[in-house]
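*Asks:* got a predicted structure here, sequence first:
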Amino acid sequence: MAVKKAVIPAAGLGTRFLPATKASPKEMLPVVDKPAIQYVVEEAVRAGLEDILMVTGRNKRPLEDHFDRAVELEQSLEAKGDENKLALVQEPSDLATIHYVRQGDPRGLGHAVLTAADHVGQQPFAVLLGDDLIDFRDTLLEQMIAVQEREGGSVVALMEVPADQISLYGAAAVESSDGDVVRITGLVEKPAVEDAPSNLAIIGRYVLSPTVFDVLRRTPPGRGGEIQLTDAISELIDTEPVHGVVFRGRRYDTGDRLDYLKAVVRLAADREDLGPPLLDWLREWLPTR
Ligand code: UTP
C-alpha cells in the first residue's frame, strides 16, 4: 500500500531550549526566516505526502496559526501591493492539508505517535520529528518510502555518529547491507557507550507499519518514564521486516542549541541574499576571536 500520510509529533516540552520555549513551541524557532516546522512540512510535501497530522499540545497554538490564513495581515499587504510578502504569508497555509491532534500529557514520542492511530488507519505512514531538519538539498524520505514499498514492514532513518555520542540517540544493530539500506536486527534507546550495538543512530524520520499502534498500546514507559517509539519498533522486528536507510547528508536537530545555531549559519550562508554579507562578516570577525 502506498504511503500517503505523514505524522509530525510537535508536542514535546523543548526543555533543552529554555527559556525560549517557556511560552512558545521550539518548532516555531526561526531557522533564518522560516520556523523549523515549515521546513519539515515542506519536506513531507516534497515526498508526496499531502495529508499531514500534527501532534500538538498546550502552548502550541502558534503552530496552528502559522499554517492557517492570516486574513488581516494578508489584507494589509494586498492594500500595499506587496506581492512578495503576501506570497510569504500565504505559502504555509497553501502547502498541505494539515490536521491536528492534541497529546494531552507529553508522555514520550511513542505516546505522541499513538495519538495518530485513528487518523492513520491501516496503512503505512511516515513520521517526521518537528524539530529535526533534513537539508532540503538532500533526499531521505523519498528513499525510505521506496524501501517500505519494496520490502514492506517499517523503515527507520539512521546516521553514523561518533561512538561517544551514541548515548544521546537510539542505536541500531544491523545485519546485511545493500548500499545505504540495512536490515535492522535490534534497537536500543540511548545505550551506554559500551553497550551500543553500533554507531548508527536513529534520526527523526520513520516510515512505519500500522502494526506499530498495536505494539504501542501495550508498550510500558521505558527510559525516562516515557513511552519510547524505539521500544515499539524494536518489538516489530520479531514479526515484520525493519530496515534502516543510512543518511549521509546534512541534518540539524533544532531542539539542540548548538545544532540550531549551525543550521541558521549554514542555511543563511548558502542563501543568495544573506550569504555573501554574512560570510564577509564571519571572515572579518573570526580572526578576532
Ligand atoms: P524530543 O525528545 O526532542 O522533544 O522529541 P522534547 O521532549 O520536547 O525535548 P527536550 O529534551 O525537552 O528539549 C522529538 C520530537 O518528538 C516530539 C517533540 O515535539 C519533538 O518534535 N515529542 C516528544 C512529542 O510530540 N511528544 C512527546 O511526548 C515527546
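*Replies:* Arrived safely, thanks for sending. Residues are numbered from 1 along each chain as shown.

*Asks:* verify the contact between F213 and H119 for me.
*Replies:* No: the criterion here is CB atoms under 8 Å, and F213 misses it with H119 at 10.9 Å. (Glycine included, C-beta is placed from N, CA and C.)

*Asks:* for the closest residue to Y169 other than its chain neighbours, grab the count of nearby residues.
*Replies:* In space, and not counting its chain neighbours, Y169 is closest to A201: 3.5 Å by CB to CB, 6 or more residues apart in numbering. Neighbour count for A201, taken as other CB atoms under 10 Å: 21.

*Asks:* do the same with R223
*Replies:* 14.

*Asks:* G275 now?
*Replies:* Around G275 there are 13 residues (other CB under 10 Å).

*Asks:* L267 is in contact with that one, correct?
*Replies:* No: taking contacts as CB under 8 Å, G275 lies outside contact range of L267: 9.4 Å.

*Asks:* residue boundaries of the helices in the chain?
*Replies:* Counting by DSSP state H, the chain has helices at residues 36-46, 61-66, 71-80, 83-94, 109-114, 117-120, 141-151, 211-217, 229-236, 257-269, 275-285.

*Asks:* for the closest residue to L267 other than its chain neighbours, what are its contacts?
*Replies:* Using CB to CB, 6+ apart and skipping the chain neighbours, the partner closest in space to L267 is V32 (5.2 Å). Residues near V32 by CB atoms under 8 Å, 6 or more residues apart in numbering: V264, L267, A268, R271, L274.

*Asks:* then L236?
*Replies:* With CB under 8 Å, 6+ apart, L236 has these contacts: G153, S154, S209, T211, V212, V215, V242.

*Asks:* who's the closest spatial neighbour of the closest residue to the ligand within the stretch 1-150 of the chain, skipping the chain neighbours?
*Replies:* Across the stretch 1-150 of the chain, no residue is closer to the ligand than G12, which sits at 2.1 Å (CB to the nearest ligand atom). Nearest residue to G12 in three dimensions, chain neighbours excluded: P106, at 5.6 Å (CB to CB, 6+ apart).

*Asks:* just the pLDDT for the one you found.
*Replies:* Predicted confidence (pLDDT) for P106: 90.

*Asks:* neighbours of it, how many?
*Replies:* Close neighbours of P106, defined as other CB under 10 Å, add up to 17.

*Asks:* name the nearest residue to L168, sequence neighbours excluded.
*Replies:* Nearest to L168 is K190, by CB to CB, 6+ apart, at 6.8 Å.

*Asks:* ok, that neighbour to Q165 distance?
*Replies:* According to CB to CB, to the nearest Å, K190 stands 11 Å off from Q165.

*Asks:* show me where the stretch 101-250 of the chain dips below the pLDDT cut-off.
*Replies:* Applying pLDDT under 70 to the stretch 101-250 of the chain flags no residue at all.

*Asks:* how about the residues of the stretch 101-250 of the chain near the ligand?
*Replies:* Residues of the stretch 101-250 of the chain lying near the ligand by CB under 6 Å from any ligand atom: Q103, P106, R107, G108, L109, H111, A112, L129, G130, D131.

*Asks:* which two in those residues are spaced the farthest apart?
*Replies:* Greatest spatial distance in these: R107 and D131, 17.5 Å, computed using CB to CB.

*Asks:* quick one, which of the two is more surrounded?
*Replies:* D131 (26 against 15).

*Asks:* what sits against that one?
*Replies:* D131 makes contacts with A10, G12, G14, K26, E27, A36, G204, D253, T254, G255, as judged by CB under 8 Å, 6+ apart.

*Asks:* again, but for A20
*Replies:* K26, L29.

*Asks:* ok so, going back, pretty sure the residue nearest to G12 is touching L13, no?
*Replies:* Yes: with contacts counted by CB under 8 Å, P106 reaches L13, the gap being 5.8 Å.

*Asks:* sorry, back to before: which among the contacts of V32 end up buried?
*Replies:* V264, L267, A268 (16 or more other CB atoms under 10 Å).

*Asks:* which one of the residues you listed is nearest to V3?
*Replies:* Using CB to CB, the buried ones among the contacts of V32 come closest to V3 at L267, 27.2 Å.

*Asks:* per-residue confidence at that closest one?
*Replies:* Value for L267, per-residue pLDDT: 96.

*Asks:* quick revisit: beta-bridge partners for the residue nearest to Y169, please?
*Replies:* Taking DSSP bridges, one obtains M159, A171 as the residues bridged to A201.
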